[in-house]
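**Q** Pasting the sequence and the predicted model now:
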2 protein chains.
Amino acid sequence: MNFTIHRDQFVQSVQNVSKAISSRTTIPILTGIKIDAAEDGVTLTGSDSDISIESFIPKETEDHQLVDIKSPGSIILPARFFAEIVKKLPEETIEVAVADQFLTTLKSGASEFKLNGLDPEEYPRLPVIEETNVFKLPTELLKNIIRQTVFAVSTVETRPILTGVHWAIDNGTLTCTATDSHRLAMRQVKAEMNENDIAFSNVVIPGKSLNELSKILDDHDEYIDIIVTDNQILFKGKNLLFFSRLLDGNYPATKNMIPTQSKTSVTLDTKKFMQAIERALLLSRDGKNNVVNFKTLDSDQLEITSVTPEVGKVTENLDYHDFNGEDLRISFNGKNIIDALRVIDSTEIRIDFTGAMSPFVMKPTENEFMLHLFSPVRTY
Amino acid sequence: MNFTIHRDQFVQSVQNVSKAISSRTTIPILTGIKIDAAEDGVTLTGSDSDISIESFIPKETEDHQLVDIKSPGSIILPARFFAEIVKKLPEETIEVAVADQFLTTLKSGASEFKLNGLDPEEYPRLPVIEETNVFKLPTELLKNIIRQTVFAVSTVETRPILTGVHWAIDNGTLTCTATDSHRLAMRQVKAEMNENDIAFSNVVIPGKSLNELSKILDDHDEYIDIIVTDNQILFKGKNLLFFSRLLDGNYPATKNMIPTQSKTSVTLDTKKFMQAIERALLLSRDGKNNVVNFKTLDSDQLEITSVTPEVGKVTENLDYHDFNGEDLRISFNGKNIIDALRVIDSTEIRIDFTGAMSPFVMKPTENEFMLHLFSPVRTY
């Protein structure tokens, strides 16, 4: 194998596939990046066997040549070293050449690295996925869906299924749901499909996979194709393949948890509400489980308070935009509310309560595609 | 005590004095910030008993009023909470009022915090320092002196005196020296004095103190006054007092360590030399103690190499700007060289070697005010 490649493209691709590589893997060959040079370009692959990422650098773009292949071939190079080396090489192009015993030379200007490679034949094959059941989402929208749900997954392994985000398509609508059993985030979008009758449920994508995917999605791709199988999901851009295994097990039925009625309904300015809770959290973090108290005062204002007896007390008053229903006192985890307010992307929110001991729903007032559900906290 | 204060000024001063406060102190009152309101303005104080910082907010600046004192007084408030609270308060001004039992109210717009304060009478007095032996340095220069020496102090406590930077004034020249016994950084400047005959030696300022000082030095102060006593140093700006204790013990005599002759002398481009060593370090970090090998090739070029047998080898070739003397092979800690190159602020450096087993000297070619000394590393 011998080729010369444009450094910046190479660095970008190496960084992308490195996102799949774990330094704690028990399979030594997976600490490496696979490099395949073929007539049409160079393909890089990284994998931790849960996530696999393939990035392709084409021989040329419309404007200029990116790769000059002298002889095709494959090699595995140690990912951590390789990623840092290509980033630091001095010139615009890098020459990669493999000799006997997988000894690989990287040359750039007056700098030369000789790295011990590994046999590419030993690298595991990526899953082969049949391209039926394809739907697609705009890249920007996919990023938003991830951002607006993945923060709510569980980070503890007691119920592994809750560490993933549940995706289901019904009637052309994709519904994404995440919950850690104290709060739930739900986001719906219309999916664009090549066939009309795609429908699935109980597809649970690990939160970690979605976080990594979100980091490497390229805004140059207008759309991402998505293909779901029994145990894998594939996200496919022009020069990117991102495979993730799915989580085993049944995701809880969340639909019935969401109250459809309301006893107290308030509409608030998103930013002011967020800042008031952030201040209340200053006195409810250490050993207080982020408990914030919420109380309707009259038809104009509500009061937010929190107390750490040794330190002090904070009281925040906030104007409603709108108020309907019964007076209410309720306590909740303020940090969970902040997490949701951060992704809600709306200047105004509505909260529907059904009593001090029942879960309550927060939504943007501007659209119906998003919903956040929270359990209250008992304070006595 | 009751006053209203401009929030941004308050936040800045609180952040500055917080730099002296340690959450691990064994003296409970030192977890607090002292606030003194007097007719002419508000003074904040923070201390961990090694470092003490006092920041003054005057009643008014040339353009506008900063503080409105309704009644003077003092209070101690819990530093960590207080610093975060003032940062997050909603309006441009903050009202601070102390009631019975040191209960303190902070009000800003619709936000109100009640904090349990402590008795200001229990706060330790700052050292009283007689203002003789004053010299001064431009703020910018003082920051540079710190940056160019403090990185070389020892971070291990086996020889506590080496965790500080040694300052001495002789003949109107301030010499600052730091060493961890493997490398040494030295910087000289002309000090400006009010009296002509200031001279001292064996003043050793803790590296930590200098790092904190550097962070809060205000570029609005053109000069900083510096006053040295037996066990304290005071840095004094217009609205800032920064006290640090000095380290006990005798600093080693470093002057004799510095070779005055040279057997091999090379002049190099600073940036290219730095980048070549950074790449060499990629293969000499893990368990290799950052050892980089340096070899003169001919009168035009030198070679820098490093090896991690399991991973591979890197070879860098670098052009001299100038070469004099004998051929040489030497090994050194590349990270120490990088640390020095980062602060050398010169496009070209000269290295003077006196043999493969002897310490060598690196200097900027553009001035004589700075010197870095390194021990070689034995590699066999």
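**A** Here it is on my side, so go on.
**Q** which other residues reach stretch A:291-309?
**A** Outside of stretch A:291-309, the residues within contact range by CB atoms under 8 Å, 6 or more residues apart in numbering or on different chains are A:264, A:266, A:276-277, A:280-281, A:283-284, A:286, A:288, A:313-320, A:323, A:327-334, A:337, A:377, A:379. Using the backbone N, CA and C atoms, a C-beta is placed for each residue, glycine as well.
**Q** filter these down to the ones close to chain B.
**A** A:276, A:283, A:313, A:314, A:315, A:316, A:317, A:318 (CB under 8 Å from any CB of the partner chain).
**Q** from these, which ones fall inside helices?
**A** Counted as lying in helices by DSSP state H, out of those, are residue A:276.
**Q** Need phi/psi at the residue of chain A most remote from its centre.
**A** Distance to the chain centre peaks in chain A at residue A:100, reaching 41.3 Å (criterion: CA atoms, centre = their mean). Reported as degrees, to the nearest 10, the phi and psi values for residue A:100 are phi -60, psi 150.
**Q** ditto for residue A:214
**A** Main-chain dihedrals, residue A:214, degrees, to the nearest 10: phi -60, psi -40.
**Q** That one is in contact with residue A:147, isn't it?
**A** Yes. Residue A:214 is in contact with residue A:147 according to CB atoms under 8 Å; the separation is 6.8 Å.
**Q** The stretch 101-250 of chain A: strands as residue ranges?
**A** Taking DSSP state E, counting those that start in this stretch as the criterion, the stretch 101-250 of chain A contains strands spanning A:103-108, A:111-116, A:134-138, A:164-170, A:173-179, A:183-190, A:192-193, A:200-206, A:223-228, A:232-236, A:240-245.
**Q** Would you mind saying which of those lies nearest chain B?
**A** Distance to chain B, taken as CB to the nearest CB, is lowest for strand A:111-116 among these, at 3.9 Å.
**Q** Give me the sheet partners of the closest one and which way each runs.
**A** Here strand A:111-116 is paired, per DSSP bridges, with strand A:103-108 (antiparallel), strand B:312-319 (antiparallel).
**Q** could I get those strands as a markdown table with distance to residue B:94 and mean neighbour count?
**A** Formatted as a markdown table, these follow (distance: least, CB to CB, whole Å; neighbours: other CB atoms under 10 Å in any protein chain shown):
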| stretch | distance to residue B:94 | mean neighbour count |
| --- | --- | --- |
| strand A:103-108 | 56 | 18 |
| strand B:312-319 | 57 | 20 |
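**Q** Provide a list of residues in contact with residue A:192.
**A** Taking CB under 8 Å, 6+ apart as the definition, contacts of residue A:192 comprise A:135, A:136, A:137, A:223.
**Q** pretty sure the third one contacts residue A:222?
**A** Right, the one you point to is residue A:137. No. Applying CB under 8 Å as the test, residue A:137 and residue A:222 come out as separate, 10.4 Å apart.
**Q** the more surrounded of those two?
**A** The residue with more neighbours, out of residue A:137 and residue A:222, is residue A:137; 20 against 11, by other CB atoms under 10 Å in any protein chain shown.
**Q** list the contacts for that one?
**A** A:145, A:174, A:189, A:191, A:192, A:223, A:224, A:226.
**Q** again with residue A:350
**A** Residue A:350 touches A:265, A:266, A:267, A:268, A:322, A:362, A:363, A:364, A:365, counting by CB under 8 Å, 6+ apart.
**Q** what about burial for the residues you listed, which qualify?
**A** A:265, A:266, A:268, A:362, A:363, A:364, A:365 (16 or more other CB atoms under 10 Å in any protein chain shown).
**Q** separation between the fifth one and residue B:370?
**A** If I follow you right, that is residue A:363. 62 Å (CB to CB, to the nearest Å).
**Q** next one: the first one
**A** As defined by CB to CB, residue A:265 lies at a distance of 69 Å from residue B:370.
**Q** Kindly report the same for the last one.
**A** Shown here: residue A:365 relative to residue B:370, a distance of 62 Å by CB to CB.
**Q** what's the answer for the fourth one, then?
**A** Per CB to CB, residue A:362 is found 59 Å from residue B:370.
**Q** Just to check, residue A:243 is in contact with residue A:234?
**A** Yes. Taking CB under 8 Å as the definition, residue A:243 is a contact partner of residue A:234 at 5.4 Å.
**Q** Can you check which residues contact both of those two?
**A** With CB under 8 Å, 6+ apart, residue A:243 and residue A:234 have common neighbours A:127, A:129.
**Q** ok, residue A:379 - how many residues close by?
**A** So residue A:379, with other CB under 10 Å, has 12 neighbours.
**Q** So it sits against residue A:330, correct?
**A** No. With contact defined as CB under 8 Å, residue A:379 does not reach residue A:330; the gap is 9.4 Å.
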